[in-house]
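Trainee: Provided below for reference: sequence and predicted model.
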Amino acid sequence: MAHKKVALACSVCGSRNYTIPAKPGRTSRLEVKKFCKHCGGYTLHRETK
Ligand SMILES: [Zn+2]
């Protein structure tokens with residue numbers, strides 16, 4: 001079985017800073033506050049494909 005991964009992209013600058021394992025059966029979009037080195041601070045990161 002392949003493990004799906006999703007990328008978390010900064011909602012401010014759009015750079016993909018993190019990849020996390022995707023949970024199966026998940027419906028809602030992930031939104032987490034994480035550190036973005038491009039923005040130099042904590043920003044909202046959204047999952048992308
Ligand atoms: Zn950023």
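Mentor: Received, thanks.

Trainee: against the ion, how distant is residue 16?
Mentor: Using CB to the ion, to the nearest Å, we find residue 16 at a distance of 10 Å from the ion. The C-beta positions use only the backbone N, C-alpha and C, and glycine is treated the same way.

Trainee: hey, what's that residue bridged with?
Mentor: Per DSSP bridges, the residues bridged to residue 16 are residue 9.

Trainee: same check, this time on residue 33
Mentor: Beta-bridge partners of residue 33, as defined by DSSP bridges: residue 44.

Trainee: correct me if wrong: residue 32 contacts residue 42.
Mentor: No: using CB atoms under 8 Å, residue 32 makes no contact with residue 42, being 9.9 Å away.

Trainee: how about the residues of the protein near the ion?
Mentor: 10, 12-13, 36, 38-39 (CB under 5 Å from the ion).

Trainee: ok, now with 8 Å
Mentor: Within the chain, the positions lying close to the ion (CB under 8 Å from the ion) are 10-15, 17, 36-39, 43.

Trainee: for the residue at minimal distance from the centre of the chain, what are its contacts?
Mentor: Geometric centre of the chain, nearest residue: residue 8, 1.5 Å, by CA atoms, centre = their mean. When the contact criterion is CB atoms under 8 Å, 6 or more residues apart in numbering, the partners of residue 8 are 16-20, 30, 32, 34, 45-48.
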